[in-house]
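# Just the structure for this:
(chains A and B)
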Amino acid sequence: MKGTHLGELEELILLTVGALADQAYGVSVMDEIAENTGRSLNISAVHSVLKRLEGKGMVRSSMGGATNERGGRRKRFFVLTNLGKKALDDSMEVRDHLYRRIPDILFN
Amino acid sequence: MLHKPPKFALKLLRWYCNPAILEEIEGDATELFLRRISSDGNRKAKVRFIWDVLRFFRWSNIKRTTTQKQHINNTAMILNYFKTGLRSLSKDKVTSTINIVGLALAIGCAVTTFIFVDFFLSMDTFHSKRHTTYQIISHVTNNGEKQMWSDAPILLGPEMKDEIPFIDLMTRIEFGSGNMRYNDLVFKEGIEFVDPDYLKMFDFPIKYGRRNALDNKENIFISKKVADKYFPQDDPIGKQVSIKYDNGFIASYYIGGVFDKAPDLASFNPRILISMESFFEVNHDKSYDWSYYADGVFVSLKPGHDPDELERFFPEWIVNQNNSNPQFRTNGFEAMMLTDLSKRNHEILSSIAGGGHPAGRISLTVISIMLMLLACSNYVNIAVSSATKRLKEIGLRKALGGTRKNIIRQFLIENIITCFLAVLLGTFLSFVVFMPGFNAVIPITIPFEFSSLLSMSLFFTGILFLVGLVSGAYPAFFISKFQPVHIFRGGEKFGRKSLFSKILLTLQFMIAFSTIVGSFIFTDTSIQLANKDLGYTPEGVVTIPIKNAQEYNGLKNKALQHSDIHAVSGSKGQIGLYDRLTTIKYEDNDLQVNLYLTDEAYLKTMGLRLTDGRYFNKGADVDKAVINQRLLSEMGWDDPLNHHFIFEGKRYDVIGVVEDFQLDDFYFEIRPTMFLAIKDENFNYLTVKTSLIKEVEINNYMRDTWRELAPDDPYEGVYQSQIMDDFYRENRSNIYIIIFISGLTLVLACIGLYGLIAYNISKRLKEFSVRRVLGANLFSIIQNINKDYIWILIIAFVLGAPLGMIQMTQLIKSIYPEAPGATLWPYVIAMLIMFISLGVTILSQVRRVAKSNPASVLRSE
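A predicted model of the protein is given here:
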């Protein structure tokens, strides 16, 4: 099943990319994760996961326009592909399904 | 204020990062950096930036080699380099020959030196137990001076073998001598007394016999040389010989074995091996306690043991030694590896191992490196100036997309081709000329061999690349720098005007001048020494060492009967062979003097020349002394005949003063010397004086007489005029080596000059032709050519000649303390030789200009 399996960090980053819509690039993904989960990742880790996701076809990327920020260097923006969306859906479904089967009685 | 991320971190990132993703990575890192400056401060932001850059160093981000380069046809390009290299070599045959021959001469010297040094550094490596065999060296403080002695207590060996469990083999070596006799053959032989383990410890090849032969003390082992002398034809095993030792003891032995010819690499060779047991029998009157030193103690350790482990056993024995021999106290023992003995033999007193002083090896290495530098600088000079001819080629290569790196590579490859040819030729030269020549002037013969295949291949690869790079680097970088635009426009000018090549040439001639002047000074001194008056008359004097009064009286009586013998005298000590160092007292002063005890006739027999007073009178002068001028000047007496001094508690009056004479060869200075007349006949030399032509006849007569008187002892008479022959032979070898080296420097310098001038002339041939057409005579053209070089030569001579003189005078002073002052001849001859050879070099080129037809030169193109 190589290619479609998602690791925990991969899933998290894929979700973030989806959530950020067309504003997802390295630093914004990192910030978003830090904000939502409190996990501080190194930027290089974010980059390598994004690269991996792109390799699996779950995100696609394009260079943004030139700006005056950050020394004039362009950003690489990532957006979710259909495959990526489907992978997230699948994973949510599996979770949902399994979650609903937890008997309530156990926690009362 | 605008903050920037640390520069080196950015550089690092740009260096390793794949260019396709560099921008985004750099951008993200910079964004974070700028944000952190406001939150964390500048310093912290920088540190975190560096950390980020380091974290980005991942496999997926690293630059890979692109596939683009593989499309260039590398093989064809490099093959082309070889092709153009060979073409440019064969195009200009004169320059190529000069380059190759010059380098080959230097490489030949380097090969010879390497073989020589390699030979000495691999001494004794043929012993298979060399890694576990050690000699015990004694550290001694003697008169406040720290010394290392090869000698060690004779008891140390057996004690070590008994006490130390991990000692495998042990042998002592004690030197002795005696007269060995087989039937009617008698010769004086050097003897080594050893323990039976000697044969197991050292791998000297054996021709006859077994390695356990010495277990029986009746057996002896002899070298092939000794065996050939006594038993030229037959197998000597089991033959009985008798040996008369120096103390008169006679013993007979059986030949238990014969060694084969010892390997060249042996730093010490066995001559006659006799068991240690016999030594105690021969010299039974001495006591062999801790005070007695044997000449050497060797041990072999069992495998896996370190010589440091011996240390803890030594203290007890050091105490034993110190108690029994307080005059010669050992501070400690050191186990020295067998293969180190020959390398360190100059540090060890009375060392068993030979192998020469390292000074010889070092100076040879320095000389060959210097020659190599000279040859390389020749090459650099010629290569730089010859590049003019290839400017267009370089321009074209560059215009067609050749990078500077390509050009450098091309020239280095060409250079390595030249070097390869030079290495071939140099090795050949070394094999055919240098090594045989070198062997002819040194006392031993070194085979043309390398100690191992590894050292050989390392040496040749090393020399090829070293010479290739040293000589090729500058031209390659220099030539590759030119811009095609300038080349094609004709703007590049260099070579003749290059300051660098002028400095090189000056340096080269400085070295050449200084070695030539130096070598002539050395030769001059040597010739003067060879003809120097010795201060006495050795011609016609035959000197015979004797043992006792019986021999003396017998010989003397027979000698007096011969009509051609003018004088006979006895002495204790003989000029040039043996004297005693002793101390005399004058008033409160002590003075070290050399002493000869003689009969009354000795001074006259030896032809010592009086400057004051008289010789000894027969019978009456036992409390009188004759001194030499050096002693007189040390004492500072004006009227020596009224003075006296005290020697061994007795008063001696001075009755005569003789001219200074050479006590030993010229390596030693003349020291204060005195002659005392003695009455008893305890002499060790008998001297007979005859005329020069009768010398040989008298020597034979004395030998025949000796045979009748003392058939058990060999006759050892020598001609007094030949006792310095070893010195003269060594001196001659030194002259040959020095002349050879200076000749080589001169040849190299001339080659360099020739090559340079040849180039400049061919470049300026048109100019000269125009000058000639316009009426310049040959003389003004010669002036024109030489203008550049005359100054170089003058500067080189002014700097080089005094340098050579100063160095050589110091060297001579340290070798020969009594050397006569140098004359003016060395300078004159050195200058003449230099200017003649330089003149020939330059004129050979001028001839080219003179012979060329201006019309044909100018018409071309």
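# in chain A, which spans are helices?
A:8-19, A:26-37, A:43-55, A:82-100 (DSSP state H).
# Pull the residues that contact the last one.
By C-beta atoms under 8 Å, 6 or more residues apart in numbering or on different chains, the surrounding residues in contact with helix A:82-100 are A:4, A:6, A:11, A:14-15, A:17-18, A:53, A:56-59, A:80. C-betas here are computed from N, CA, C, even on glycine.
# Dump that helix to CSV, keeping only the CA atoms.
Extracted C-alpha coordinates of helix A:82-100, given in CSV (Å, rounded to 0.1, in the frame of the first residue of the first chain):
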residue,chain,number,x,y,z
ASN,A,82,-8.1,15.4,-5.2
LEU,A,83,-6.1,12.4,-4.1
GLY,A,84,-5.0,14.3,-1.0
LYS,A,85,-8.6,15.3,-0.2
LYS,A,86,-9.6,11.7,-0.7
ALA,A,87,-6.9,10.4,1.6
LEU,A,88,-8.0,12.8,4.3
ASP,A,89,-11.6,11.7,3.8
ASP,A,90,-10.7,8.1,4.1
SER,A,91,-8.7,8.6,7.2
MET,A,92,-11.4,10.6,8.8
GLU,A,93,-13.9,8.0,7.9
VAL,A,94,-11.8,5.2,9.5
ARG,A,95,-11.4,7.2,12.6
ASP,A,96,-15.1,8.1,12.8
HIS,A,97,-16.1,4.6,12.3
LEU,A,98,-13.8,3.3,14.9
TYR,A,99,-14.6,6.1,17.3
ARG,A,100,-18.3,5.4,17.2
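# Tell me where the model's unsure across the stretch 601-750 of chain B.
Residue ranges of the stretch 601-750 of chain B with pLDDT under 70: B:680-681.
# Tell me the secondary structure at residue B:299.
What DSSP: H, G, I helix; E, B strand; the rest coil gives for residue B:299 is strand.
# Could you double-check that it lies in contact with residue B:333?
No - at 10.7 Å, residue B:299 does not count as touching residue B:333 under the criterion of C-beta atoms under 8 Å.
# Nearest to chain A within chain B, name that residue for me.
Closest contact between chain B and chain A, by C-beta to the nearest C-beta, is at residue B:27 (3.2 Å).
# Helix or strand: which one has that residue?
helix B:19-40 (DSSP states H and E).
# In JSON lines: the helices of chain A, plus mean pLDDT.
Output for the helices of chain A, formatted as JSON lines (pLDDT from 0 to 100):
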{"stretch": "helix A:8-19", "mean pLDDT": "91"}
{"stretch": "helix A:26-37", "mean pLDDT": "91"}
{"stretch": "helix A:43-55", "mean pLDDT": "90"}
{"stretch": "helix A:82-100", "mean pLDDT": "90"}
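# Out of those helices, which is closest to residue B:156?
Closest approach to residue B:156 among the helices of chain A is made by helix A:43-55 (69.9 Å; C-beta to C-beta).
# Can you show me the CA trace of that closest one as CSV?
The C-alpha coordinates for helix A:43-55 follow below in CSV (Å, rounded to 0.1, in the frame of the first residue of the first chain):
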residue,chain,number,x,y,z
ILE,A,43,11.2,24.3,9.3
SER,A,44,13.3,21.6,7.6
ALA,A,45,11.0,18.9,8.9
VAL,A,46,8.0,20.7,7.4
HIS,A,47,9.8,21.0,4.1
SER,A,48,10.7,17.4,3.9
VAL,A,49,7.2,16.2,4.7
LEU,A,50,5.7,18.6,2.1
LYS,A,51,8.1,17.2,-0.4
ARG,A,52,7.2,13.7,0.5
LEU,A,53,3.5,14.5,0.2
GLU,A,54,4.1,16.1,-3.2
GLY,A,55,5.9,12.9,-4.3
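# buried residues in that helix?
A:43, A:44, A:46, A:47, A:48, A:49, A:50, A:51, A:52, A:53, A:54 (16 or more other C-beta atoms under 10 Å in any protein chain shown).
# give me every residue that touches the second one.
Applying C-beta under 8 Å, 6+ apart to residue A:44 gives the contacts B:52, B:55, B:56, B:58, B:61.
# Correct me if wrong: the third one contacts residue A:47.
Yes - applying C-beta under 8 Å as the test, residue B:56 and residue A:47 come out as touching, 7.3 Å apart.
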